[in-house]
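[1] quick one, what's the 3D model for this:
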Amino acid sequence: MISIPDISPTAVEPDWANIRSLFPVLEKKTYLNSCAYGALATDVTDALQRYIRDRQEKGTDWNYWVERNDSVRNAVASFLGADPDEIAVTASASAGINSVASALNFDQARNKVVISEFEFPTNAQIWYAQELRGAKVVRVPEKDGYIPVEHFESAIDDETLIVAVTHVCFRNGARLNIPAIAEIARQKGALLLMDGYQCFGTMDFDVHRVGVDFAVGGMLKYLLGTAGIGFLYVREPLIESLVPTVTGWFAQSDIFAMNTTSYEPAPTARRFEMGTPPVPNCYAAEAGLKILADIGLPAIEYRIGELTAAIIAEARNAGYTLAVPTDPRRHGPLITLRTHDEHALVDILDSQGIVTSSRSGNLRISPHFYNNEDDIDSLFRALREQKHLLV
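    Prediction:
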């Protein structure tokens, strides 16, 4: 059995074994791929079935569906430390970023967009698309698998309109110092948008305390919902001054006014929404967020810290090359190992019932609170047989 390094525990230890039983895939698979798609809980399955029953019994029920959309909004606000009026429910992180970008004016002296080499394609491609509207995109380089704060300090200046960066890199799991980057942006008069897709649901995170102006995420991974639904946080003082030109009927002040003669955006962050919400996905997202709320993010963060520390310790003992910083302040829930053939290794593990993924030459190992030490044991037993594929 793996020895777990000592980490300060939370006040109350959840019943992890009982919680694990809520995820049927874990009975058949060693599932370590939450960075790509979170395991499906029975509560989420039940919620989707409830949507189908509602459709069969009622046909349509728009008032109830709007309530489901608002329930997701309230739940997201709760775990982000935000006000519900600061949350837009979107179809994806891409939709949220696009809505923010559409509200910005690049025809001015401040036209620079600072991104990093850690970005998911969405958070690079959207900003490069804004070059057609006058934006100037600047990339902050990485160094030895990380991006020091000093690199951002050099890139962010008086011409910077917005800094758009990920919290945890999807390629190697490195975790950026968002509070420090946000402070640099603030001092230079720039906005900061954080992509939290690879961290939300794995750590206790307060958008007000951290100091971001915008944050996007989605329900597909660690938030336990499904694809096709995400969210955008917008800091309240900014909302009134930003008018998205990417819009739809759910972004209007009165969604049921059916006004076809003018554009009247909602006074809240709902103005950053678009058309008909992803109703079935709201059911799933609401159920997934409730699981997280019932357990509590501090306990989840501690549990994931245990598991990632164990993975790093096992990798070191085996002599494998870690692609992620080992300092827990510099990595998220995603731990990566360098490989000679990432695709072959993922396929071999999958044939043995061990689900992982890969990016940029790295094997991605991403536990969530529902994993346990036996999962890690199974993974490293399998890796010992494939040592020739590891660097």
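[2] ok, residue 29 - how many residues close by?
    Residue 29 has 18 neighbouring residues, counting by other CB atoms under 10 Å. No exception for glycine: its C-beta is placed from N, CA and C like everyone else's.
[3] ramachandran angles for the residue lying farthest from the centre of the chain?
    Computed with CA atoms, centre = their mean, the residue of the chain farthest from its C-alpha average is residue 261, at 37.3 Å. Backbone torsions of residue 261, given as degrees, to the nearest 10, read phi -120, psi -10.
[4] can you check residue 339 too?
    phi -130, psi 160.
[5] hmm, back to that, pLDDT value on the residue farthest from the centre of the chain, please?
    As predicted, residue 261 sits at a pLDDT of 94.
[6] okay, the nearest residue to residue 209 once chain neighbours are set aside and residue 271: tell me how far apart.
    Nearest non-adjacent residue to residue 209, counting by CB to CB, 6 or more residues apart in numbering: residue 81, 6.6 Å away. From residue 81 over to residue 271 the distance is 21 Å, taken as CB to CB, to the nearest Å.
[7] for residue 77, same thing?
    Taking CB to CB as the measure, residue 77 falls 16 Å from residue 271.
[8] of those two, give the one with the bigger neighbour count.
    Between residue 77 and residue 271, residue 271 has the larger neighbour count (other CB under 10 Å), namely 24 against 19.
[9] excluding chain neighbours, what is closest to the more buried one?
    residue 265 (3.7 Å).
[10] do residue 24 as well
    residue 42 (6.7 Å).
[11] list the contacts for the one you found?
    For residue 42, the contacting residues are 22-24, by CB atoms under 8 Å, 6 or more residues apart in numbering.
[12] next one: it, what pLDDT does it get?
    In this prediction residue 42 is given a pLDDT of 98.
[13] hmm, who's touching stretch 15-28?
    So stretch 15-28 is contacted by 31, 39-43, 291, 295, 303, 353, 369-372, 375 (CB under 8 Å, 6+ apart).
[14] what pairs with the longest strand seen in the chain, parallel or antiparallel?
    Counting by DSSP state E, the longest strand found in the chain is strand 160-166. Sheet pairing for strand 160-166, assigned by DSSP bridges, gives strand 112-116 (parallel), strand 191-195 (parallel).
[15] and it, what's its mean pLDDT?
    98.
[16] next helix or strand past it?
    Note on strand 160-166: by DSSP states H and E, the next helix or strand toward the C-terminus is helix 178-187.
[17] please save the CA atoms from that following helix in CSV.
    Only the C-alpha atoms of helix 178-187 are listed here, as CSV (Å, rounded to 0.1, in the frame of the first residue of the first chain):
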residue,chain,number,x,y,z
ILE,A,178,-3.2,34.0,-10.2
PRO,A,179,-3.4,36.4,-7.2
ALA,A,180,0.0,37.8,-8.0
ILE,A,181,-0.8,38.1,-11.7
ALA,A,182,-4.1,39.7,-10.9
GLU,A,183,-2.3,42.3,-8.7
ILE,A,184,0.1,43.1,-11.5
ALA,A,185,-2.8,43.6,-13.9
ARG,A,186,-4.6,45.8,-11.4
GLN,A,187,-1.6,48.0,-10.9
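[18] tell me how many other residues crowd the nearest residue to residue 136 once chain neighbours are set aside.
    Leaving out its chain neighbours, the residue that sits closest to residue 136 by CB to CB, 6+ apart is residue 112, at 4.9 Å. Other residues near residue 112 come to 20 when the count uses other CB under 10 Å.
[19] contacts only, for residue 112.
    Counting by CB under 8 Å, 6+ apart, residue 112 has contacts 135-138, 157, 159-161.
[20] try it again with 6 Å
    136, 138, 159-160 (CB atoms under 6 Å, 6 or more residues apart in numbering).
[21] same check, this time on residue 222
    Applying CB under 6 Å, 6+ apart, one finds that residue 222 lies in contact with 34, 38, 201-202.
[22] deepest of the strands paired with strand 160-166, which one?
    Comparing the strands paired with strand 160-166 on average neighbours per residue, with mean count of other CB atoms under 10 Å, the densest one is strand 191-195 at a mean of 26.
[23] next one: phi and psi at residue 65?
    Taking degrees, to the nearest 10 as the convention, residue 65 sits at phi -70, psi -40.
[24] now it: closest residue in space, sequence neighbours ignored.
    Nearest residue to residue 65, sequence neighbours excluded (CB to CB, 6+ apart): residue 279, at 4.8 Å.
[25] check residue 134 too.
    Using CB to CB, 6+ apart, the nearest residue to residue 134 is residue 106, at 3.7 Å.
[26] hmm, residue 216 is touching residue 92, no?
    No: Residue 216 is not in contact with residue 92 according to CB atoms under 6 Å; the separation is 8.6 Å.
[27] so those two - more neighbours on which side?
    More crowded of residue 216 and residue 92, by other CB under 10 Å: residue 216, with 28 against 21.
[28] residues in contact with stretch 90-100?
    122, 126, 197, 214, 216, 218, 230-232, 244, 246, 272, 278.
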